[in-house]
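**Student:** Prediction below, plus the sequence it came from.
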Amino acid sequence: MVKIHDLNEDFADLIYTDQTGCFPTRSSQGNQYIMVLAGIDSNSILVERMKNRTAGEMVKVYQCPIDRLKDCGLTFMHHNLDNEWSAEFKQAIKANNMTYELTPADDHSRNIAEKTIQTFNKDHFIAILCGTDDVYPMHLWEKLLPQADMTLNMLRPSRLISAISAHAHLYDQHNYADHPLAPMGRAAETNVSSNKRGTWVAHSVSGFNVGTSTNRTDATKFGSRTQKYYDSANSALQAHILNYAHAHLGQIIWK
């Protein structure tokens, strides 16, 4: 008898997770790894920074993408993972009302998250890092993850609704007017309001764009060269960077 598989049923409500190898530079907040979650229905890839691969850290970080998906109204029934996970991690899966299955030992091709890591880490994120300014501080690499996550999912079609992106599947269509996107890691200047500077002090601070702000309208996240990190969103100035001269990006002036 021939058994027929319905792939929609086989992949429904299924996620995969894995983690990258150690990043060459420890971040300013002590992170050196990235946990990657692949959501099959939406075809999405979610990433979270991680300090180490201890059981407690992995359980804490794992809950972040799960909560993000729950906030989008998605629920999952089953979790596939490799054989490297701890008993605490498996318990966390059960606490989220999911069952789990271990892939066969030494058969990484069975874990979709392995391919997902290649897509995000070896292709998308490395390309972003190559486009950063020559003096961009690598200890701020983790600040680039949110927009890297966002833009990658904008490029991936949803598996269930192929006419929209994986990002739109989760968050609806992106509003570029309210949350503009610009090249990450590029040198920039941001205005310092008059009530925060002296009379003869420069009106701007040098730093780098590290991504769009999802919490504030017409704003980008900005990291200064003094290692302070904050959103930028007061007066609107025109951006000037290569062919981005037409973009309207909060109070950032790109170099």
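**Tutor:** Thanks, I have the structure now.
**Student:** Could the C-alpha coordinates of whatever helix or strand Ile45 lives in be exported in PDB?
**Tutor:** Ile45 is part of strand 44-50, with elements assigned from DSSP states H and E. C-alpha atoms of strand 44-50 as PDB (Å, rounded to 0.1, in the frame of the first residue of the first chain):
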ATOM      1  CA  SER A  44      10.200  32.900   8.900                       C
ATOM      2  CA  ILE A  45      13.600  33.000  10.500                       C
ATOM      3  CA  LEU A  46      13.900  34.500  14.000                       C
ATOM      4  CA  VAL A  47      17.200  35.200  15.700                       C
ATOM      5  CA  GLU A  48      18.200  36.000  19.200                       C
ATOM      6  CA  ARG A  49      21.600  36.900  20.700                       C
ATOM      7  CA  MET A  50      23.000  34.500  23.300                       C
END
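**Student:** Partner strands of it, with direction?
**Tutor:** Strand pairing for strand 44-50, determined by DSSP bridges: strand 33-39 (antiparallel).
**Student:** what's the average pLDDT for the strand it pairs with?
**Tutor:** Here strand 33-39 scores 92 as its mean pLDDT.
**Student:** how distant is that strand from the center of its chain?
**Tutor:** Strand 33-39 has its C-alpha centroid displaced from the chain centroid by 9 Å (CA atoms, centre = their mean, to the nearest Å).
**Student:** can I get the CA coordinates of that strand in PDB?
**Tutor:** Taking Å, rounded to 0.1, in the frame of the first residue of the first chain, the C-alpha atoms of strand 33-39 are listed here in PDB:
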ATOM      1  CA  TYR A  33      26.200  33.200  19.900                       C
ATOM      2  CA  ILE A  34      22.900  33.500  18.000                       C
ATOM      3  CA  MET A  35      19.900  31.200  18.400                       C
ATOM      4  CA  VAL A  36      18.000  30.700  15.200                       C
ATOM      5  CA  LEU A  37      14.400  29.600  15.000                       C
ATOM      6  CA  ALA A  38      12.700  28.400  11.800                       C
ATOM      7  CA  GLY A  39       8.900  28.700  11.600                       C
END
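**Student:** Tell me the helix or strand right after the strand holding Ile45.
**Tutor:** Next helix or strand after strand 44-50 toward the C-terminus (DSSP H and E): helix 55-71.
**Student:** And for that next one, what's in contact with it?
**Tutor:** Contacts to helix 55-71, defined as CB atoms under 8 Å, 6 or more residues apart in numbering, come from residues 15, 17, 19, 35, 37, 39, 46-51, 76, 85-89, 92, 96, 170. Where C-beta positions appear, they are placed from N, C-alpha and C, glycine not excepted.
**Student:** The strand holding Ile45 to helix 55-71, inter-axis angle?
**Tutor:** Relative orientation of strand 44-50 versus helix 55-71 (axes from the mean of the first three to the mean of the last three CA atoms, to 10 degrees): 150 degrees.
**Student:** quick one: contacts of strand 44-50?
**Tutor:** Contacting residues not belonging to strand 44-50 are listed as 19, 27, 29, 31-39, 57-58, 61-62, 64-65, 68-69, 116, 119-120, 142, 145, 148-149, 152-153, 156, 166-167, 169-170 [CB under 8 Å, 6+ apart].
**Student:** Find the least confident helix or strand in the chain, judged by mean pLDDT.
**Tutor:** Using mean pLDDT, DSSP states H and E, the weakest-scoring helix or strand in the chain turns out to be strand 252-254, at a mean of 46.
**Student:** State whether Gly207 is indeed within a strand.
**Tutor:** Yes. Under DSSP: H, G, I helix; E, B strand; the rest coil, Gly207 falls within a strand.
**Student:** That one and Asn191 touch, don't they?
**Tutor:** No. Shown here, Gly207 and Asn191 do not form a contact pair, counting by CB atoms under 8 Å, at 11.7 Å.
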